[in-house]
Every structure is written in C-alpha cells, then in structure tokens.
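Trainee: Here is my input; please provide its structure:
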Amino acid sequence: MPLSFRHDGQRHDVFVRLMGVHANEELLEKIQKPAEHPQPKPRSKPKAESRLRSRSPPMPTPHCRRKRRSAAVKKLIQARKGYANYYFNELNRDRVWQAFRKHGDFSHTADTWQLAGTARTAAAWTSSWDRTKRKAAFRQRPGSI
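Mentor: Numbers count the residues shown, from 1 in each chain. Modelled structure (predicted):
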C-alpha cells in the first residue's frame with residue numbers, strides 16, 4: 001500500500017505491506033456465518049403510547065425466501081471454501097493452461113522448475129515450482145531493493 005509522509009520538511013513516499021491480524025480460516029468463518037446484530041435495548045415508553053401499541057396487532061415477521069435458480073444459472077455456480085464462486089476461477093485456469101500447452105509438451109520435464117528474473121524496479125527475484133506438490137515459492141534476493 002503506498003504511503004506518503006513528511007519528515008523534516010521533506011515528503012517521503014514508501015510502500016507498506018500490512019500484515020493480517022486474522023488467519024485465512026478465521027476470515028472465511030466470519031464471512032460465512034450470518035451477521036450478528038445486537039438487539040437494541042427497549043426504551044421506557046409513556047403509558048399512553050404503550051396502551052395504543054398493545055391494542056394494535058403485532059407486525060408480521062418478514063420471511064425471506066430464496067429465489068429458485070434456473071438450470072442454466074445452476075451450471076454457473078460452484079461453491080468452494082474461500083471463493084465466492086469457483087466456476088469462473090476454473091474457466092480462467094483452463095484457458096491459461098490451454099494457452100500454455102500450445103507452446104509444447106512439458107509433461108516429460110523435471111518435477112521442479114526454477115525461474116529467475118528482474119522486476120521493473122531492477123529487483124532480482126527467483127521462483128521454484130514443484131509440479132508434484134503443486135506448490136510455488138517466490139523470493140527476492142537479499143539487498144535487491
């Protein structure tokens with residue numbers, strides 16, 4: 001996140017990385033359970049007003065019903081923990097994979113790939129990707145920034 005501040009009359013622009021307070025599982029749990037709204041404390045009402053309210057019928061509680069989805073829409077919805085809708089993530093993943101396969105058959109290559117490069121800021125980086133574990137690691141070289 002970009003942050004600007006003044007010190008000794010000079011403006012300084014820095015990029016700050018904010019660390020999360022909650023683990024991913026905690027955040028997923030918080031967004032998947034219904035919101036808890038505290039009930040307001042009842043106020044003391046004047047007697048005349050309370051008598052009028054007691055004579056009126058109670059207000060009906062609204063019932064929310066889910067709309068039925070058509071078969072065409074049901075095909076586009078795929079629930080998965082951590083995603084709003086995983087269906088479109090799969091579509092994009094398959095699109096990228098098919099574009100990658102056009103460049104050759106890489107099934108007989110080594111299980112771990114090593115990549116290296118430099119960013120626009122001239123910071124060097126390295127990356128390794130393990131096909132068998134489906135895990136990637138990205139590192140910046142020390143003192144490169």
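
Trainee: residues touching residue 87, list them.
Mentor: For residue 87, the set of contacting residues under the criterion of Cβ atoms under 8 Å, 6 or more residues apart in numbering consists of 76-78. The C-beta positions use only the backbone N, C-alpha and C, and glycine is treated the same way.

Trainee: Give the helix, strand or coil label for it.
Mentor: Three-state call for residue 87 (DSSP: H, G, I helix; E, B strand; the rest coil): helix.

Trainee: Okay, strands next: where are they in the protein?
Mentor: Secondary structure of the chain, counting by DSSP state E: strands at 2-7, 10-15, 112-118, 124-130, 135-140.

Trainee: Can you check what angle separates the fourth one from strand 112-118?
Mentor: Meaning strand 124-130. Between the direction of strand 124-130 and that of strand 112-118, the angle (axes from the mean of the first three to the mean of the last three Cα atoms, to 10 degrees) works out to 160 degrees.

Trainee: Name the nearest residue to residue 30, ignoring sequence neighbours.
Mentor: Distances taken as Cβ to Cβ, 6 or more residues apart in numbering place residue 22 nearest to residue 30, at 7.5 Å, with adjacent residues excluded.

Trainee: likewise residue 13?
Mentor: Spatially, and ignoring its direct neighbours in sequence, residue 13 is nearest to residue 4 (5.1 Å; Cβ to Cβ, 6+ apart).

Trainee: That neighbour and residue 132, how far apart?
Mentor: For residue 4, the distance to residue 132 (Cβ to Cβ, to the nearest Å) stands at 45 Å.

Trainee: Same question for residue 73.
Mentor: From residue 73 to residue 132 the distance is 37 Å (Cβ to Cβ).

Trainee: what about the residue nearest to residue 81 when sequence neighbours are not counted, how many residues close to it?
Mentor: By the measure of Cβ to Cβ, 6+ apart, the closest residue to residue 81 outside its immediate chain neighbours is residue 28, 6.3 Å from it. Around residue 28 there are 14 other residues, counting by other Cβ atoms under 10 Å.

Trainee: My read is that residue 28 contacts residue 80, right?
Mentor: No - the pair residue 28 / residue 80 is not scored as a contact, 10.9 Å apart, by Cβ atoms under 8 Å.
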